[in-house]
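I'll drop the sequence and a predicted model, then ask my questions.
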Amino acid sequence: MQTLADLAAQLGMAPGTLTNKGLHIQEGHPAPISSPTARTLLWDSEQTAAFYAKEPIPPLPVTDDDEDLLDWHEAAAELGVAPASWNIYKKDPALTEHMVLVPARGGTQHWPRRAVHEFMASRPGRGAGGGRRTGSGDMVPRDQILPRIGELLEENPAITLAEVSDILGVAKFPTAQAGLVQVRGLRIADLVEAEPGLELAEAAERLGYPKVTHRGAVAAAEAELHARSAVPYLQKVADALARAGVAEPVQVEVRQLAGGHLAAAVPLTPGQGVPALVWDERYGWRTATSRRHPIGKDTGTRPEGDGIRYLGTSTCPEPEDLLGSFGGEGKRR
């Protein structure tokens, strides 16, 4: 599979040049194989190679294969759930162990169709393999609470705290309340992302959420969109560090600290002198002293101490500037 950047490299030009010339959308050019709503477009490399060699374009398989890689939206469609639900499901260990990055260096997350089906068959709830039925009152495992709340919201957007508590066998406060707020916020964020310019409150209305829930759900959506806004920059830095050989290829996960501040960590390769780099939107990039818990506990003050060194001249330096300031701290492979 190829990204737009891979396609441009194949043609010996910059991605911007490819886009400006519209070579990837010219008549007869192979269509992307990624889902229409995917954030990163992907092409089949055999098809594009044949097209530019003026050879017959090989057809894509017409039947589904167990090893087909599905992106976020395709996996959600395969399960018959909203993308926001998949955003929660994908953190399940049964899926994280099968997640692959496409392309290999810091690419977008994909899952084999086989793994998605196996997860579908084993997850609690209604459907294949489901063991808990509505009204059973059995306590749902903690890592399944948000996905199950997502399912309940799909059936009834106006579901109440009492109903969630009764169906899932969890406490109203804080479990059911916090879960409803979080999942509603994710779905509002998804809708606003899909329709730029849509007001958060309007999105909540269109999703069928009762007005009494709007305040909390909108606040959760604002926090989610704030976190998502940082991902492109952080992923660009992580990819640059990986290409330079000083960091492991990762899909950056943004964490929200107390007060809504954002932070993220990038694990470094062995021999770099420090285990990871951490970005905090308040203070910028710094070295970390722990690989397992690089971000650490937020105390509300700028972290200092042995092994901590701040990098770059701003909170969001360009990857090249960060690599330059990082050069004395570690070694490139």
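Great, that's in hand. Residues are numbered from 1 along each chain as shown.

and Val278, helix, strand or coil?
strand (DSSP: H, G, I helix; E, B strand; the rest coil).

ok, it - how many residues close by?
23 (other C-beta atoms under 10 Å). Any C-beta I mention is one placed from the backbone N, CA and C, and that applies to glycine too.

okay, and the beta partners of it?
For Val278, the beta-bridge partners are Ala265, Arg286 (DSSP bridges).

and the strands in the stretch 1-150 of the chain?
69-70, 100-102, 108-112 (DSSP state E, counting those that start in this stretch).

right, and those strands - which one's nearest Tyr52?
Among those, strand 100-102 comes nearest to Tyr52, with 21.1 Å by C-beta to C-beta.

could the strands of the stretch 1-150 of the chain be laid out in a markdown table, adding distance to Leu257, mean pLDDT and mean neighbour count?
Converted to a markdown table, the strands of the stretch 1-150 of the chain look like this (distance: least, C-beta to C-beta, whole Å; pLDDT from 0 to 100; neighbours: other C-beta atoms under 10 Å):
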| stretch | distance to Leu257 | mean pLDDT | mean neighbour count |
| --- | --- | --- | --- |
| strand 69-70 | 32 | 84 | 22 |
| strand 100-102 | 26 | 75 | 14 |
| strand 108-112 | 23 | 83 | 21 |
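
mind putting these into a markdown table with distance to Ala227?
Formatted as a markdown table, those follow (distance: least, C-beta to C-beta, whole Å):
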| stretch | distance to Ala227 |
| --- | --- |
| strand 69-70 | 23 |
| strand 100-102 | 20 |
| strand 108-112 | 16 |
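
Glu195: which of these is closest?
With C-beta to C-beta, the closest approach to Glu195 among the strands of the stretch 1-150 of the chain belongs to strand 108-112: 21.8 Å.

list the neighbouring strands of the closest one plus their orientation.
Strand 108-112 has its sheet partners listed here by DSSP bridges as strand 69-70 (antiparallel), strand 100-102 (antiparallel).

nearest to Arg228, of the ones you listed?
For the strands paired with strand 108-112, proximity to Arg228 was assessed by C-beta to C-beta; strand 100-102 is nearest, at 18.3 Å.

quick one, helices of the chain?
4-10, 15-21, 45-52, 72-79, 83-89, 93-96, 113-122, 145-155, 161-168, 177-194, 200-206, 211-243, 319-326 (DSSP state H).

give me the number of residues near Thr315?
Thr315: 13 surrounding residues under other C-beta under 10 Å.

quick one, what contacts it?
Glu281, Arg282, Tyr283, Gly284 (C-beta atoms under 8 Å, 6 or more residues apart in numbering).

burial of the first one, as a residue count?
What that stands for is Glu281. For Glu281, the neighbour count with other C-beta under 10 Å is 18.

and which of the contacts of Thr315 is nearest Asp44?
The closest of the contacts of Thr315, once distances to Asp44 are taken by C-beta to C-beta, is Glu281, at 37.8 Å.

surely the closest one touches Ala264?
No - in this structure Glu281 lies outside contact range of Ala264 using C-beta atoms under 8 Å: 9.2 Å.
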